[in-house]
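# Coordinates for the following, if possible.
(4 chains)
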There are 4 protein chains.
Amino acid sequence: MGGIKVLENLKKEVFKANLDLVKHNLVVLTWGNVSGIDREKGLIVIKPSGVSYDKMKASDMVVVDLEGNIVEGDLRPSSDTPTHIELYKKYLDIGGVVHTHSSFATSWAQAKRDIPSYGTTHADTFYGPVPCTRSLNSEEIKNEYEKNTGLVIIETLTDRKIEELSVPGIIIASHGPFAWGESPSKAVLNAVVLEEVAKMAMRTENLNSEITPIPSELQDKHYFRKHGTNAYYGQDSIKIK
Amino acid sequence: MGGIKVLENLKKEVFKANLDLVKHNLVVLTWGNVSGIDREKGLIVIKPSGVSYDKMKASDMVVVDLEGNIVEGDLRPSSDTPTHIELYKKYLDIGGVVHTHSSFATSWAQAKRDIPSYGTTHADTFYGPVPCTRSLNSEEIKNEYEKNTGLVIIETLTDRKIEELSVPGIIIASHGPFAWGESPSKAVLNAVVLEEVAKMAMRTENLNSEITPIPSELQDKHYFRKHGTNAYYGQDSIKIK
Amino acid sequence: MGGIKVLENLKKEVFKANLDLVKHNLVVLTWGNVSGIDREKGLIVIKPSGVSYDKMKASDMVVVDLEGNIVEGDLRPSSDTPTHIELYKKYLDIGGVVHTHSSFATSWAQAKRDIPSYGTTHADTFYGPVPCTRSLNSEEIKNEYEKNTGLVIIETLTDRKIEELSVPGIIIASHGPFAWGESPSKAVLNAVVLEEVAKMAMRTENLNSEITPIPSELQDKHYFRKHGTNAYYGQDSIKIK
Amino acid sequence: MGGIKVLENLKKEVFKANLDLVKHNLVVLTWGNVSGIDREKGLIVIKPSGVSYDKMKASDMVVVDLEGNIVEGDLRPSSDTPTHIELYKKYLDIGGVVHTHSSFATSWAQAKRDIPSYGTTHADTFYGPVPCTRSLNSEEIKNEYEKNTGLVIIETLTDRKIEELSVPGIIIASHGPFAWGESPSKAVLNAVVLEEVAKMAMRTENLNSEITPIPSELQDKHYFRKHGTNAYYGQDSIKIK
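Now for the predicted structure:
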């Protein structure tokens, strides 16, 4: 009974996080999805595929296990579910994952470029540039495409020696952004910041084509103002491992 | 009686689709129009010309036949009616047509350039670039201009061997976008996507002037994720012929 | 009595037209003003200077004569009143004048460039490019600046042989747009179109730096679809002289 | 008692000014803060750190003295409080300070460029370009970062011989804008104008890469139309010292 209750709460949280995508202007039509995980049960709650945001109910959220089997729910889960699963399996400290086609982050993804850290807005949330993955090859596209999308995210973070919570977002070449966090709502906040820094980075380059990323001291200062044991922004600090 | 009932429903559907243009920020002032067709009766329901969206009623929708004669309605139909008619006559599987001056798609039309497929957002809806028609010549502009606008759309799709439902939109050189679909509401959705991909494609080029269109594998993967017998996006699949 | 009634109606019309500037996102803070004229009485109704749009009432509108004397009203009229007066004195067929600092039109004004006619959206309302005035000289700036702003508008239209209602708007170098029309509400519509074509023209050049203005046949076709004795757009035609 | 009353009113004013940042689209998430000062008591009222705008109450405002000690309030004050304090200590005629990460002003800050005065919208509020500070050095970033942010603002105004109320805003290199004014609400208005002129200046350069700042006569005319003893904009004049 208590177990079911936990999932009910997670469904509500994931439902609300999906609506927050709309509130923050990150979605057009039905694009975008948020999931959350119950680590004890090993179950993921995720938005159903292609359902209109204004008709969606908390009870429409779909429950899947870490192999992608539908455990509960009448609707088909988001087609991006296998990507979410790979991230949850690899990164044990994340509790929520977001995917959107938000306009500026997607434009950087389509341009196949990392988003450089040009200012403190970026540095407050992302410890260094937001990486753009390599393009998937023909084989990766044809078979298990969504799973391979998850794997290329992991490959990118691994190759660049990035801790997942210090850079809680990425852009997939020719596709769009994924973001994550300790919870579904924090993942949404990170997706909001990702879109905003993508927008400002484009305009920064438009204003000064010679601009270079901020120095490491400023990156450190702003990131650790908000994260870790010496954080002093907000009413409580966000601990990083 | 049943016949009239069908048209009443179509009027409501076309009316709602016109309001959806406003909801999706695709129109300024009275620009833009949606039509729908009753294939059995061979009758088209279309927005009246130059009527303000906030005063328009479902009963203001105008019914015309495929020769452009007004069959029902007190108002003059959209001045673009002859363009809609050409499309309905040529493409028997479309049920709705939309015309807007949405800002980014119109900017590409004014730039007289195809909108390249730079990412999966584009590939999900348009199987290849959104074509820009050639400019109309003096004679085509002076006589039967709106009809000739329809004919140049058909010419463009024909010359490029494009099936109308696999690329459900186009931009008219120096003018703006048309979109279509199996129904008026689907035509509106396609117009929404067209504007969004037009916006992101411009930004993509601004971020990387060397960028090239996505490879055909990725185009195929995303298009057929949403269309055809193997579609697995959404709660049901959209069949393509 | 009837005379007073006419001015009360004009006050309401001018008040509503001012609020429409806000509705159409043409104003920031208190920037922007609309006036209307009662030709029989030779009296102008105009927005008070620097008053917040959400506190403004119809009764706050100020009545001035064609010499700029306040005839009615407790508030100071818009500081741009002398510009409006010059336009009303010169152009007897205009009934409303609008000034805004709308973002894209002002950017063209600051760039000191005419807005070229790149498409039918432009051609529907403006018969040719929207001209940018020359810069005022030191003397014109120091003394009777607002009156001289009106005079440089007239100089520009005269030098370029433009009929005022065929190009119902202009941009003042380093300043921003003025628009006008047969009535205050039509002047507002023209200001809306001016902002929209300014936005799309900038994006058109961004997408194709080699683009040239539309040919005269297309300009003629679209302008005369909406204006003059052969107009066929809308439910009634707008007569041009 | 009267003393407490004054602070209660200032809390309400500062609270409202913070909400006005949201209303004017200057903030994303919890970014941005407004403070006000009671000069008699030497006490500053400022937004709490990292609190969501839609949950914030007037009673959440924090009172600090000019050494940064919390005098009243249960929440931690904005992490930018030391910057505000430096400005209040140096400039005795300012009554409110605003910090935002508004998108266009921040993009100029990230591009490390002054915002040139390209038009009368700029000249109405800022007497000359909006300066961008130098970058802070490593030492200034590591220790007392927020205080040093205040000091580099002062250094910039001093070096350029700028009176604080004639250019009531600045952008911090790689960070974002600060604005100020005689009161919290006037500081917010100046932040709104700063964002708007930042937006239009970028577009002006995009439209004309050769454009130069406006001549001093036009700068003088517009600034003194709104400020000083000869002002004639609005219903009363804003006195400058």
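
# any low-confidence regions in chain A?
Counting by pLDDT under 70, chain A shows low-confidence ranges at A:1-6, A:236-241.

# For chain C, what is the nearest residue in it?
Using C-beta to the nearest C-beta, the single residue of chain A nearest to chain C is residue A:206, 10.2 Å away. In this view, the C-beta of every residue, glycine as well, is placed from N, C-alpha and C.

# The residue of chain A found nearest chain D: what's it in contact with?
Among the residues of chain A, residue A:234 lies nearest to chain D; the distance is 3.0 Å by C-beta to the nearest C-beta. Neighbouring residues of residue A:234 by C-beta atoms under 8 Å, 6 or more residues apart in numbering or on different chains: A:226, D:30, D:49, D:50, D:76.

# hmm, stretch A:89-102 in reach of chain D?
No - Stretch A:89-102 lies apart from chain D when judged by C-beta under 8 Å from any C-beta of the partner chain; the minimum separation is 12.6 Å.

# who's in contact with whichever residue of chain A sits closest to chain B?
Proximity of chain A to chain B (C-beta to the nearest C-beta) peaks at residue A:50, 3.0 Å away. Contact analysis of residue A:50 by C-beta under 8 Å, 6+ apart lists A:30, B:233, B:234, B:235.

# which SSE is the residue of chain A closest to chain C in?
Taking DSSP states H and E as the criterion, residue A:206 maps to helix A:184-207.

# that older thread, close enough to count as contact, the residue of chain A closest to chain C and residue D:199?
No - contact criterion C-beta atoms under 8 Å: residue A:206 and residue D:199 do not qualify, at 11.8 Å.

# burial count for residue A:230?
Residue A:230 is flanked by 8 other residues according to other C-beta atoms under 10 Å in any protein chain shown.

# check which helix or strand covers residue A:211.
Residue A:211 belongs to no helix or strand, assigned by DSSP H and E.

# Next up, the contacts around it.
Contact analysis of residue A:211 by C-beta under 8 Å, 6+ apart lists A:118, A:204, A:205, D:110, D:111, D:112.

# on that earlier part again, just the contacts of residue A:234: which are in helices?
In helices, judged by DSSP state H, the following of the contacts of residue A:234 are found: residue A:226.

# Any quick PyMOL command for the buried ones out of the contacts of residue A:234?
Those of these that count as buried under 16 or more other C-beta atoms under 10 Å in any protein chain shown are selected in PyMOL with:
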select buried, (chain A and resi 226) or (chain D and resi 30+49+50+76)
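
# Compile the contacts of residue A:234 into JSON lines and extend it with columns for distance to residue B:188.
JSON lines is the format used below for the contacts of residue A:234 (distance: C-beta to C-beta, whole Å):
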{"residue": "A:226", "distance to residue B:188": "42"}
{"residue": "D:30", "distance to residue B:188": "36"}
{"residue": "D:49", "distance to residue B:188": "44"}
{"residue": "D:50", "distance to residue B:188": "41"}
{"residue": "D:76", "distance to residue B:188": "48"}
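
# so what's the residue nearest in space to the middle of chain A up against?
Closest to where the C-alpha atoms of chain A average out (C-alpha atoms, centre = their mean) is residue A:179, at 1.2 Å. By C-beta under 8 Å, 6+ apart, the contact list for residue A:179 reads A:97, A:98, A:100, A:168, A:169, A:170, A:187, A:188, A:190, A:191, A:194.

# check which helix or strand covers it.
Going by DSSP H and E, residue A:179 is in strand A:177-181.

# Could you show which parts of chain A are in contact with chain B?
Selection of chain A residues close to chain B by C-beta under 8 Å from any C-beta yields A:28-31, A:48-51, A:75-76, A:79, A:101, A:103-104, A:106-113, A:135-136, A:138, A:141-142, A:145, A:174-176, A:202, A:205-206.

# Just the buried ones from the residues you listed?
By neighbour count, with 16+ other C-beta under 10 Å, those hold A:28, A:30-31, A:48-51, A:75-76, A:79, A:101, A:103-104, A:106-113, A:135-136, A:141, A:145, A:174-176, A:202, A:205-206 as buried.

# Flag every buried residue along stretch A:197-212.
A:197-208, A:211.

# hmm, I was thinking of stretch A:129-138
Using 16+ other C-beta under 10 Å as the test for burial, stretch A:129-138 gives A:129, A:130, A:131, A:132, A:133, A:135, A:136.

# Got phi/psi on the fourth one?
Right, residue A:132. When read as degrees, to the nearest 10, the backbone of residue A:132 gives phi -110, psi 130.

# Please verify my assumption that it contacts residue A:176.
No - counting by C-beta under 8 Å, residue A:132 sits too far from residue A:176 to count as a contact (10.8 Å).

# shared neighbours of those two, anything?
Residues touching both residue A:132 and residue A:176 (C-beta under 8 Å, 6+ apart): residue A:109.

# And for the nearest residue to residue A:53 once chain neighbours are set aside, the neighbour number?
Leaving aside its sequence neighbours, residue A:53 sits nearest to residue A:22 (C-beta to C-beta, 6 or more residues apart in numbering or on different chains; 5.1 Å). Taking other C-beta under 10 Å as the criterion, the count of residues near residue A:22 is 14.

# Residue A:63 looks like it's in a strand, true?
Yes - assigned with DSSP: H, G, I helix; E, B strand; the rest coil, residue A:63 falls within a strand.

# what pairs with it across the strands?
residue A:45, residue A:72 (DSSP bridges).

# What residues does it make contact with?
Per C-beta under 8 Å, 6+ apart, neighbours of residue A:63: A:7, A:11, A:43, A:44, A:45, A:70, A:71, A:72, A:73.

# Give me the buried entries from these.
Judged by neighbour count, with 16+ other C-beta under 10 Å as the criterion, the buried members of the contacts of residue A:63 are A:7, A:11, A:43, A:44, A:45, A:73.

# do you know how far residue A:25 is from residue B:171?
Going from residue A:25 to residue B:171 by C-beta to C-beta, to the nearest Å gives 25 Å.

# can you pull the contacts of residue A:105?
Going by C-beta under 8 Å, 6+ apart, residue A:105 touches A:115, A:171, A:176, A:177, A:194, A:195, A:198.

# Also residue A:60?
Residue A:60 is in contact with A:15, A:47, A:48, A:51, A:73, A:74, A:75, counting by C-beta under 8 Å, 6+ apart.

# Spatially, which two of these are the most separated?
Farthest apart among these by C-beta to C-beta are A:15 and A:74. That separation is 14.9 Å.

# of the two, who's got more company?
residue A:15 (21 against 10).

# Could you pull out the buried residues of the helix or strand containing that one?
Secondary structure assigned from DSSP H and E places residue A:15 in helix A:2-23. By neighbour count on 16+ other C-beta under 10 Å, the buried set for helix A:2-23 is A:7, A:10, A:11, A:13, A:14, A:15, A:17, A:18, A:19, A:20, A:21.

# Now the closest residue to residue A:160 other than its chain neighbours: phi and psi?
The shortest distance from residue A:160 to any non-neighbouring residue, by C-beta to C-beta, 6+ apart, is to residue A:131 (6.0 Å). Dihedral pair for residue A:131: phi -70, psi 150, per degrees, to the nearest 10.

# any idea how far residue A:131 is from residue A:101?
Per C-beta to C-beta, residue A:131 is found 18 Å from residue A:101.

# picking that back up, looking at the buried ones among the contacts of residue A:63, which one is closest to residue B:155?
Using C-beta to C-beta, residue A:73 comes nearest to residue B:155 of those, at 47.9 Å.

# who's in contact with residue A:189?
So residue A:189 contacts A:181, D:29 (C-beta under 8 Å, 6+ apart).

# Same question for the one 5 residues further on.
Residue A:194 makes contact with A:102, A:105, A:115, A:125, A:126, A:130, A:169, A:177, A:179 under the criterion C-beta under 8 Å, 6+ apart.
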